[in-house]
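**Q** Following is a predicted model, sequence given first.
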Amino acid sequence: MRQSFDETTDPSFGARHLPRIRAKMAEQGLDGLLVPHEDEHQNEYLPAANDRLAWLTGFTGSAGAGAVLTDRAAVFADGRYTVQVRAQVDPAWFEILSLEDSGVARWLEGAPRGAVIGYDPRLHSPDALAALRRAAARAGAELKPVDPNPLDLAWADERPEQPAAPVVPHGDRYSGETSASKRARIGQAIRDAGADAAVLTAPSSIAWLFNIRGGDVIRTPLPLGQAVVEADGSARLFLDPRKVTNELPGWLGDAVTLETPEALPGALDGLSGRPVLIDPGQSPAWYFDRLEAAGATVVRGMDPCALPRACKNPVEIEGARQAHIRDGAALSRFLHWVDTVAQRTLPDEREIAETLERFREQTGALKDLSFDTIAGAGPNGALPHYKPVTRTIRRIEKGSLLLVDGGGQYLDGTTDVTRTMAIGEPTADQRRMFTLVLKGHVAMATVRFPAGTTGHQLDALARLPLWMQGLDYDHGTGHGVGSYLGVHEGPQRIAKAVNAQPLLTGMILSNEPGYYREGHWGIRIETLQVVTPPEPIPGGERPMHGFEQLTFAPLDRRLIDVDLLTDAERAYVDAYHAETLARVGSLLDGEALDWLRAACAPLT
């Protein structure tokens, strides 16, 4: 299960692969080629066979892009991967640039006038492509669809096979609703959108709608495939036959027809003359081109499974509770190890990450990690999404901080939690900054808000204690989380960036404010929480949503400056710790249980 970045790190990729790609570009009359991280399914995490950016550059982060011209090339990564991208990519072959603030589009504006730059329409959504087209036009360049992809031609002899993990039923005891019921609901949503069929290309939607899971993508139990869903709830599901187990046809039922991926183009052509719903932010441009060429009427709208998938039902919420209690016990054992063994031996970040995974494996229920564990010691903790890479691995040191962010995939839920721990005796400054972050975390945990409120509107609450001191952090405060699906799930989120999606009952989100002092240490506190139904407040006039905490693991009390907390904040921390002991304590024993009792004692 473990996967280190060293195993796929090779800065020589550019020297070996760029000449081959440029030769294939020349054969197609191209002056450039865009290489997004996303694959044909717009996945965040990719099977090796679809990780074109990694093959081109050596960079294996979950967000990025590449661009190749005849005389230069660039790789783009966001702030999570500042260290990793420089460790994995040879700057002699690639300019290393920021993905944020329309990085690829800005780069395209400097393309040579008259250049013809290829793009694979199977890898770009229409929404993403529109911004790139505008940038190319400003440069006087042309974006041209390519088929086949020059990179795929250059990669052909070395490319791994497409994954073919078995697709398995995800039982009603975990999903809480039959696939037939879901398909009836989605059929009504298709009609409401003015269509009579929908094309689904997001594996998470396919997994949710048909109550199936797979193993095609690391860290997320996804089956790669596509579906055409009719307004009457019947569907055609396109899967590689190697993935189809004997039990799958019976599980899907007579209203779902299993077909091979080779049948998909013909199925799209068969939608001629019909209004077809498809998501321009999630589905590749190739589908839109094919449907329009076939004479279908394209209805652009949100994936009809996105909101129902995000709003967890009572069975899924209870599953999340149980998964987090189990995961909280594993995490508490790990925190006990950090507070005892690690304080003496001062292990490095790799050992720390592997130790946390070992405790999760000991639950006997772990299916996979939900993402590669982030373990940042000292200055590495100041990189919000740092992951241990050989060139940068550090040992923990007395007087500094350790930030660990990790999660697990369990049949009944997906977890994601961050804790920051003192190594040795913390300084007054470290305690002050941790407590400011904690104050924002508590504000987000305890807020009440009316129907229609978005995460964008709440985001400032988590930042206010830092803002009042002239401080901030540069990542979002919260992302959606799936139910034994993706650890990053939309459309909900809590962030500065405007997001029009209201927070709805049953949505699971993270609450993770932080503070990062470059060159020194980082602080983040993250728990998952679920939006509760609106309820009246005594003396109030409108019912209000709130959040129920799902994650239970102790905070490092040594880092809390009680004098900076209000009475209400202190009461919240004490209540949270009391609930942590009550929920998790029964799964611990011996020294770990004694440690948890002390860690969850009231603040003094």
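**A** Here it is on my side, so go on.

**Q** Spit out the contact partners of Ser400.
**A** By CB atoms under 8 Å, 6 or more residues apart in numbering, the residues touching Ser400 are 377-378, 423-424, 520-521. No exception for glycine: its C-beta is placed from N, CA and C like everyone else's.

**Q** didn't Gly399 look like it was pressed against Thr427?
**A** Yes: contact criterion CB atoms under 8 Å: Gly399 and Thr427 qualify, at 7.1 Å.

**Q** related to what we said a few turns ago, of the contacts of Ser400, which pair is most distant in space?
**A** Greatest spatial distance among the contacts of Ser400 (CB to CB): Gly424 and His520, at 14.6 Å.

**Q** Would you list the phi and psi of Asn211?
**A** Asn211 adopts backbone torsions of phi 50, psi 60, taken as degrees, to the nearest 10.

**Q** wait, isn't it in contact with Ala180?
**A** No: the pair Asn211 / Ala180 is not scored as a contact, 9.6 Å apart, by CB under 8 Å.

**Q** For the stretch 51-200 of the chain, which segments count as helices?
**A** 52-57, 82-88, 103-108, 126-139, 150-155, 172-175, 179-192 (DSSP state H, counting those that start in this stretch).

**Q** between these, which gets the lowest average pLDDT?
**A** Least confident of the helices of the stretch 51-200 of the chain, judged by mean pLDDT, is helix 82-88 with a mean of 82.

**Q** Give me the distance between that one and the centre of its chain.
**A** 19 Å (CA atoms, centre = their mean, to the nearest Å).

**Q** Packing partners of it?
**A** Contacts defined by 3 or more CB pairs under 8 Å, 6 or more residues apart in numbering; DSSP states H and E place helix 82-88 against strand 73-77.

**Q** Report the rounded mean pLDDT for the strand it packs on.
**A** In this model, strand 73-77 has an average pLDDT of 94.

**Q** Then stretch 408-421?
**A** 98.

**Q** measure that stretch end to end?
**A** Using CA to CA, to the nearest Å, the end-to-end distance of stretch 408-421 comes to 20 Å.

**Q** How confident was the prediction at the residue sitting nearest the centre point of the chain?
**A** The chain has His488 as the residue nearest its centroid, 2.9 Å off, counting by CA atoms, centre = their mean. Looking at His488, its pLDDT reads 95.

**Q** Leaving out chain neighbours, which residue sits closest to it?
**A** Nearest residue to His488, sequence neighbours excluded (CB to CB, 6 or more residues apart in numbering): His479, at 5.1 Å.

**Q** What of Thr527?
**A** Thr551 (3.6 Å).

**Q** now swap in Arg20 and tell me
**A** Per CB to CB, 6+ apart, closest to Arg20 is Ala154, 4.0 Å.

**Q** can you count the residues close to that neighbour?
**A** 21 (other CB atoms under 10 Å).

**Q** Report the contact partners of it.
**A** 17, 20-21, 23-24.

**Q** What of Ile494?
**A** Here Ile494 is in contact with 444, 455-456, 458-459, 462, 476-479, 509-511 (CB under 8 Å, 6+ apart).

**Q** So which of those are in strands?
**A** When DSSP state E defines the strands, the subset of the contacts of Ile494 inside them is 478-479, 509-511.

**Q** Just flag the most distant two among the residues you listed.
**A** So for those, where distance means CB to CB, the most widely separated pair is His479 and Asn511, at 10.2 Å.

**Q** All set, thanks.
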